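1. Could you look at this predicted model? Sequence included:
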Amino acid sequence: MSRSERLPLWFPLSALIALSANLLANLTTLLTIGLMGAVSDFALQVRQHDEALYFYYRFFAYGVPFAVTVWYVWPLLRHSRRGWPAPAPVVVRRRALGTPLFIAAVGFLGWLVSALLFPVLTLVRFGRWTPDLMSQQVLAPLVNGFLAATVTFFLLDLLFRAMVVPLVFLDGRVAEVASPLALGVRARMLLFLLAVAFTPMFTLLGLIRAAAARFQSGDAVRAVVPNLTAASEITFAIYVVLGLGLTLLLARTLTRPLVNTAAALRYVGRGDLSVRLQPTSGDEIGVLEDGVNAMVTTLRENERILGMFGRVVDPLVRDHLLSGDLRLGGELRTASVLFCDLRGFTSIAERAEPEAVVRTLNEFFSVMTDWVRECGGYVDKFIGDAMLVVFGLFDDDPSGSPSRAAAASLRCALGMHARLADLNGRRRSTARQSLAMSIGIHSGEVLAGTIGANERHDYTVIGDTVNVAARLQELCRDREQSLLASASTYALARAAGADVELAPIEAVRLRGRSEPIDVYGLA
């Protein structure tokens, strides 16, 4: 048989749970009536009359609840036979949450009707009703019926949490569905307390009333007290077992989701955002589970946004912007600026396909950006086939930072040449043209800040220091140098202990500056 033709397992299990709980309640009712029932001639006569009617009443007590239950769970049955397609209709979602309480309430209805019906039938048959019938006709059915309904609810609640709710709510979000038959934590605790605390008191009351009635009928104390003791011991044993069972059921439905939620939060605290809870109830715990899932989803989205943000803006700038350390506008800072440009790349781009040009630039910038970050700098921007790199802008300790920044910029420049040589080796192995680059470095004051329009602005550096670095890079082509650094940068780097040997070059006059500048280059 195909999956859609089989009877879902949860349905016969639900019927078995409800039937077993009520059959057990029938047995305990007979036992309770034997222990608590009155012994007057009238009470015994009424009991015989009731037992003759019980056979017929059971058809109503079991048949009507079963028919009503099938009607209620029919949308669930139909949905499960279709293979649990998502999303589930609203009526299916509500029935998945409300079925445990519905079945328990319908089952208890039969007991409630009996507690009302049999006194009325006694009045009709005998023309009178006496208080000593209270235990056997009212208290015993209500107490045992309530216990049967309570056990049915907690067992079905556990069953549906495991086998039905996760399949109906594949996307979670159980707490968003409003079902008047879905009990919250407070209602469950109240039901539990009624079953394990108050119900035994009613049973004890019935035993005491039965003993009092027997005393009034003339039974001897020696005959009544041993029976009362035996009845109390049996009642104690029944309620101990029942209390332990209900406690375990309640703990499983309440503490287990809380333990899973706490574990998920610990994983999130360690940075693991792959966790996901499966809400199985619409109560406060379901709200908590949905909240944790929503929080993890938001954190994953924020992480994705931060990752994308870090690809557009250097992570150093991103982190400072998000932490609020960077002030709007601009501020003067001392930094070392490195300009790097691919030499002769325009002619290469003219002969190559656009895809190959983009692939070459991405390959070059990826290698260089990784090395820049290792050296403690950040890439301010990419300009065509050139890149602007800044060192020392975000140093927390201003003392000594200009020297460290200058040393880091020279170390970075030499490393960029070494990595370009490795890159060219890989390019030549695939018959691609080698690349050449020129680098200019200068240290001094820069104006750093957010610049642009109200709707869009960039964090960047501007000023004479940036211009000098750019001019030095341009001068590399005229001087046939791959690296030119200003004398101020070289002096700062040597003061920081940088093991860099550059050769002095005669002073040069840069475009846009009136005074010449001393520079150093590779020997």
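-> Great, that's in hand. Numbering: from 1, shown residues only.

2. Strands of the protein, residue ranges please.
-> For the chain, the strands defined by DSSP state E occupy 330-343, 378-383, 386-391, 436-452, 457-462, 483-486, 503-508, 517-521.

3. pLDDT score for the residue nearest to the spatial centre of the chain?
-> Using C-alpha atoms, centre = their mean, the residue of the chain that lies closest to the mean C-alpha position is residue 293, 2.4 Å off. Residue 293 is assigned 80 on the pLDDT scale.

4. Then the one 4 residues further on?
-> According to the predicted model, the pLDDT of residue 297 comes to 81.

5. Distance of it relative to residue 411?
-> 43 Å (C-beta to C-beta, to the nearest Å). No exception for glycine: its C-beta is placed from N, CA and C like everyone else's.

6. Comparing the two, which residue is more hemmed in?
-> Neighbours of residue 297 and residue 411, each counted by other C-beta atoms under 10 Å, are more numerous for residue 411; the result is 20 against 13.

7. Now the more buried one: closest residue in space, sequence neighbours ignored.
-> Leaving out its chain neighbours, the residue that sits closest to residue 411 by C-beta to C-beta, 6 or more residues apart in numbering is residue 375, at 5.8 Å.

8. cool, and residue 29?
-> Nearest residue to residue 29, sequence neighbours excluded (C-beta to C-beta, 6+ apart): residue 144, at 4.5 Å.

9. Just to check, the one you found is in contact with residue 114?
-> No - counting by C-beta atoms under 8 Å, residue 144 does not reach residue 114; the two are 10.5 Å apart.

10. what's around residue 503, how many residues?
-> Other residues close to residue 503 by other C-beta under 10 Å number 9.

11. what domains does the record give for the protein?
-> 10-258, 325-521 (automatic domain parsing).

12. looking at those, which one has the lowest mean pLDDT?
-> Looking at those, the weakest mean confidence is domain 10-258, a mean of 80.

13. Quick one: end-to-end distance for it.
-> 25 Å (C-alpha to C-alpha, to the nearest Å).

14. Residue 467 reaches residue 486, doesn't it?
-> No - using C-beta under 8 Å, residue 467 is not in contact with residue 486; the gap is 11.8 Å.

15. what about the two, which has more around it?
-> Higher neighbour count among residue 467 and residue 486: residue 486, with 26 against 17, using other C-beta under 10 Å.

16. Now for that one: which residues touch it?
-> By C-beta atoms under 8 Å, 6 or more residues apart in numbering, residue 486 lies in contact with 441, 442, 443, 468, 472, 517, 518, 519, 520.

17. Just put these in JSON lines and tack on distance to residue 172 and neighbour count.
-> JSON lines is the format used below for the contacts of residue 486 (distance: C-beta to C-beta, whole Å; neighbours: other C-beta atoms under 10 Å):
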{"residue": "441", "distance to residue 172": "55", "neighbour count": "30"}
{"residue": "442", "distance to residue 172": "57", "neighbour count": "31"}
{"residue": "443", "distance to residue 172": "56", "neighbour count": "29"}
{"residue": "468", "distance to residue 172": "59", "neighbour count": "25"}
{"residue": "472", "distance to residue 172": "59", "neighbour count": "29"}
{"residue": "517", "distance to residue 172": "65", "neighbour count": "18"}
{"residue": "518", "distance to residue 172": "68", "neighbour count": "14"}
{"residue": "519", "distance to residue 172": "64", "neighbour count": "27"}
{"residue": "520", "distance to residue 172": "64", "neighbour count": "23"}
